[in-house]
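> Could you work out the structure for the sequence below:
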Amino acid sequence: MALHPSPKPAQPANSGTRIRFAAEGGEAQGYYLEAEKPSALWLFVYQEWWGLNANIMEEAEKLHRDLGGQVHVLAVDMYDGEVTDQPQEARVLMSGRKEERLQAIVQGAAAYAGPGAKIAHLGWCFGGAWSLKASLLTAEQTVGTVMYYGMPVRDVEALKALNNDVLGLFATETAISQEVIEDFAAKMQEAGKGLDYTIYDAIHGFANPSNPRFDPEATADAYAKAMDYLKNTFGLS
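I've put the predicted structure just below:
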């Protein structure tokens, strides 16, 4: 909790739409920004441990805009509508989520995008871990993965299922430490998968503008890397 001070208020432009889609075990939801023209390209965005709050919707809008409106962007609600700005409550929400439900939400989102969708996954913190987990769940459709300071999967056999390379944007911290990241890099190499990563001299959550410890310089560099990666992944100019 010490790494997650309560976020400042954020205000999305509300250019997206709240949607619901079928998922095993019950309907799921998300915040959706449609591509301006018919497109098979999708970016799934995953929340920090606070839930699908205004900051995540704002980031989804920014990604949609900076990808030129050529990609469908879906911020997937992994908490089924629950949101908090209190660290203790966020810890309870995150720890209380069942893996089976989280997997069902991701798979439901992929079904909503359709069998022909080419999906990239991007997330922060809790969502950074899920951007990689989701890439494994939707491996046949996955074309890219961007994980901001999320705990990586380090099972070589699991990583072999990846059909894409990964961009990792990490922070200097104790839990997701340099040793953890270097071990992840070694496991990715053993699995025969590509990983490009940076460890920023910044705190966990540095790229969240609503974080009181927001680091603009590290954020700008990380975002430029993420945008280059996504444009290359999607084949955008």
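> average pLDDT across the helix ranked longest in the chain?
For the chain, the helix that runs over the most residues, judged by DSSP state H, is helix 216-234. Mean pLDDT, helix 216-234: 98.
> Mind listing what's buried along it?
For helix 216-234, the buried set under the neighbour-count rule, 16 or more other C-beta atoms under 10 Å, comprises 218-219, 221-223, 225-227, 229-231, 233-234. (Glycine included, C-beta is placed from N, CA and C.)
> Could you pull up the residues touching Ile148?
Not quite, residue 148 is Tyr, not Ile. Tyr148 makes contact with 122-125, 127-128, 169-170, 207, 222 under the criterion C-beta atoms under 8 Å, 6 or more residues apart in numbering.
> List just the nearest of those residues to Leu137.
Distance to Leu137 across these (C-beta to C-beta) is lowest for Gly123, with 13.2 Å.
> What segments of this structure are helices?
54-66, 87-96, 99-113, 126-137, 156-159, 178-191, 216-234.
> Would you mind writing the CA trace of the fifth one as PDB?
Presented in PDB, the C-alpha positions along helix 156-159 are these (Å, rounded to 0.1, in the frame of the first residue of the first chain):
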ATOM      1  CA  VAL A 156       9.000 -21.000 -19.300                       C
ATOM      2  CA  GLU A 157       6.400 -23.500 -20.500                       C
ATOM      3  CA  ALA A 158       3.600 -21.000 -20.200                       C
ATOM      4  CA  LEU A 159       5.700 -18.300 -21.900                       C
END
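> which parts of it are buried?
For helix 156-159, a neighbour-count test (16+ other C-beta under 10 Å) marks Leu159 as buried.
> now the longest helix of the chain and helix 54-66, what's the angle there?
Here the directions of helix 216-234 and helix 54-66 differ by 50 degrees (axes from the mean of the first three to the mean of the last three C-alpha atoms, to 10 degrees).
> just checking, what packs against helix 216-234?
strand 118-124, strand 142-148, strand 166-171, strand 195-200 (3 or more C-beta pairs under 8 Å, 6 or more residues apart in numbering; DSSP states H and E).
> which residues sit against the first one?
Applying C-beta under 8 Å, 6+ apart, the contact partners of strand 118-124 are 40-48, 63, 110, 113, 129-132, 134-135, 138, 141-150, 205, 207-208, 226, 230, 233-234.
> One more: stretch 204-222?
Outside of stretch 204-222, the residues within contact range by C-beta under 8 Å, 6+ apart are 3-10, 48, 54-55, 58, 124-125, 148-149, 169, 171, 173, 175-176, 198, 200-203, 223.
> Over to stretch 157-169?
Contact with stretch 157-169 is made by 132, 135-136, 139-140, 142-149, 152-153, 181, 184, 187-188, 191-198, 200, 207, 222, 225-226, 229, 233, as judged by C-beta under 8 Å, 6+ apart.
> Kindly check the end-to-end length of it for me.
End-to-end distance for stretch 157-169, by C-alpha to C-alpha, to the nearest Å: 23 Å.
> Next, the buried residues of it.
For stretch 157-169, burial by neighbour count (16+ other C-beta under 10 Å) applies to 159, 161-162, 164, 166-169.
> Distance to Gln103 and pLDDT for the residues you listed - can I get that in TSV?
Shown next, in TSV, are the buried residues of stretch 157-169 (distance: C-beta to C-beta, whole Å; pLDDT from 0 to 100):
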residue	distance to Gln103	pLDDT
Leu159	17	98
Ala161	14	96
Leu162	16	97
Asn164	19	97
Val166	19	98
Leu167	23	98
Gly168	22	98
Leu169	24	98
